[in-house]
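Enquirer: got a sequence here, can you build the structure:
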Amino acid sequence: MAGILAESVSKRFTLRKDRPDSVGQLLARMIPNPRRRRIPREDLWALRDVSFEMRSGESLGIVGNNGSGKSTLLKLLSRTMLPTSGRIEVRGKTSALIEIGAGFHPDFTGRENVFINASILGIRRREIERRLDAIVEFAELQAFIDVPVKYYSTGMQARLGFAVAIHVDPEILIVDEVLAVGDEAFQQKCMDRIYAMKRQGTNILLVSHSLGSVEQLMSKALWLNQGVIGAQGEPADVVKAYRAFMGEGGTHVESVAVPPSTGQDVVVSEIRILTAARQATDTVATGDTVVLEVECENRLPALTAGYLEVKIRRGDGLEIAHVSGLEEGHHVTFPPGKSVIRLEIEELYLVTGIYDVDLMLLDANGRRKFIVEPAARLNVQSLRPSTGVIALPHRWL
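Expert: Numbers count the residues shown, from 1 in each chain. All right, here's what the predicted structure looks like:
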């Protein structure tokens, strides 16, 4: 059974305070000299006493700010680094993508690096040849696969590395935030594949700054704080603790700040996507309750009421849904000064994808007062395989 077990894992690095400034200095230090003063050193503990377990079929999201030890932990799990103390047990065929270009030889072509990487992961050449077209197609590098990797952008390297990692049938997939260098469409494509593998039973260990993705789609979460565990367990509880520590209080993660323009009666200052529990998020699961929260300021005392209209569009511009307070006869109030308007969508049955949310504010006569396109971006992930636009709630009888 595939899985990961870490028991009291610590990792120490030794930092030299006085680094040589030239090759001459380096060579001079290699010559024994009893009178030379000792070079000061400092121990840096990247990880201290970290313990957790990921059982077969589970998915683990790791969160934490920069310098918290996340990358060090992944290198230990992928066996590219040894712990100073403690024990790590990784059971199952593992594929890891933790650094851009890791394992790539810059002078070899993309095709040659595919064979090298896959062979390191234990895939025979005949099997690599069978999967090569699928790897190249997923990476979208058909025109560059025979070009040396040293001419690839960081995004192209990340795409090729991820394509190899997912096409070797791993039992455990370890992915760092390296996918953030790719374009948005490819990031979504990668996340779709990750969650498809998760549904098929592959163990997923994902380091991500997208707290919504961790909370909604991972079965467990772990928060690292300066090398020690801040919290671990249920994703919602871990994310809440991390947000509270970071001073967010769970009320704000991803939002759109709209710069005010002069001469407007109503100014929209911020728009947030919230869960049913009023937790800010950037990712929701199909069927979840979603709350759109609009913070605005009324600069015209005579304007007391109006209407809110919301459109949801796919990336190609296709309008999926249109909610109009004007057509429904539901007005919202605009008291002088700042106020908050909320729209709750009880069940958002959209398939996996990234959607734009457009916002329009109208006065009592239906005149447009403010429009933001897009006002927010919504990342939807489905735990079931789905295509099309709408995920129909259903059951087999």
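Enquirer: where does pLDDT dip in the stretch 201-350 of the chain?
Expert: 247-265, 301-304, 316 (pLDDT under 70).
Enquirer: pLDDT on stretch 155-166, on average?
Expert: The average pLDDT within stretch 155-166 is 88.
Enquirer: and what of stretch 81-94?
Expert: Per-residue scores along stretch 81-94 average to 93.
Enquirer: and what of stretch 113-133?
Expert: Rounded mean pLDDT across stretch 113-133 is 87.
Enquirer: then stretch 65-76?
Expert: Per-residue scores along stretch 65-76 average to 88.
Enquirer: may I see the buried residues of that stretch?
Expert: If you call a residue buried by 16 or more other Cβ atoms under 10 Å, then stretch 65-76 has these buried ones: Ser68, Gly69, Lys70, Ser71, Thr72, Leu73, Leu74, Lys75, Leu76. To be clear about C-beta, it is placed using only N, CA and C from the backbone, and glycine gets the same treatment.
Enquirer: what is the nearest of those to Asp358?
Expert: Nearest to Asp358 among those: Lys70, at 35.4 Å, using Cβ to Cβ.
Enquirer: isn't the closest one up against Leu224?
Expert: Yes - look at Lys70 against Leu224 with Cβ atoms under 8 Å: they come within range, at 5.6 Å.
Enquirer: shared neighbours of those two, which are they?
Expert: By Cβ atoms under 8 Å, 6 or more residues apart in numbering, Lys70 and Leu224 have these common neighbours: Ile62, Gly64.
Enquirer: out of the buried residues of stretch 65-76, which are inside helices?
Expert: Lys70, Ser71, Thr72, Leu73, Leu74, Lys75, Leu76 (DSSP state H).
Enquirer: other residues contacting whatever helix or strand Arg130 lives in?
Expert: Taking DSSP states H and E as the definition, one finds Arg130 inside helix 125-139. Contact with helix 125-139 is made by 110-111, 114-115, 118-119, 123, 142, 145, 156, 159-160, 162-164, 166-168, 189, 193, as judged by Cβ under 8 Å, 6+ apart.
Enquirer: rewinding a little: now distance to Gly57 too, for the buried residues of stretch 65-76, in JSON lines please.
Expert: Compiled in JSON lines, the buried residues of stretch 65-76 are given as follows (distance: Cβ to Cβ, whole Å):
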{"residue": "Ser68", "distance to Gly57": "27"}
{"residue": "Gly69", "distance to Gly57": "26"}
{"residue": "Lys70", "distance to Gly57": "23"}
{"residue": "Ser71", "distance to Gly57": "25"}
{"residue": "Thr72", "distance to Gly57": "26"}
{"residue": "Leu73", "distance to Gly57": "21"}
{"residue": "Leu74", "distance to Gly57": "20"}
{"residue": "Lys75", "distance to Gly57": "24"}
{"residue": "Leu76", "distance to Gly57": "22"}
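Enquirer: sorry, back to before: in the helix holding Arg130, what counts as buried?
Expert: Ile128, Arg131, Leu132, Ile135, Val136, Phe138, Ala139.
Enquirer: between the residues you listed, which sits nearest Tyr307?
Expert: Each of the buried residues of helix 125-139 was scored against Tyr307 by Cβ to Cβ, and Phe138 proved nearest at 45.0 Å.
Enquirer: for the closest one, give its distance to Val114.
Expert: According to Cβ to Cβ, to the nearest Å, Phe138 and Val114 sit 11 Å apart.
Enquirer: spit out the residues that contact the two alike.
Expert: Here Phe138 and Val114 have no joint contacts, going by Cβ under 8 Å, 6+ apart.
Enquirer: what about Val168, which SS state?
Expert: coil (DSSP: H, G, I helix; E, B strand; the rest coil).
Enquirer: can you name the residues that contact it?
Expert: Val168 neighbours (Cβ under 8 Å, 6+ apart): Lys93, Ser95, Ala118, Leu121, Gly122, Ile123, Arg131.
Enquirer: can you put those in a markdown table and add distance to Gly306?
Expert: Formatted as a markdown table, the contacts of Val168 follow (distance: Cβ to Cβ, whole Å):
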| residue | distance to Gly306 |
| --- | --- |
| Lys93 | 59 |
| Ser95 | 53 |
| Ala118 | 59 |
| Leu121 | 59 |
| Gly122 | 63 |
| Ile123 | 61 |
| Arg131 | 57 |
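Enquirer: helices along the chain, start to end?
Expert: Using DSSP H, helices in the chain cover 23-30, 70-77, 110-120, 125-139, 154-166, 184-199, 211-217, 235-245, 325-328.
Enquirer: list just the nearest of the buried residues of helix 125-139 to Val238.
Expert: Of all the buried residues of helix 125-139, Val238 sits closest to Phe138, with 31.2 Å by Cβ to Cβ.
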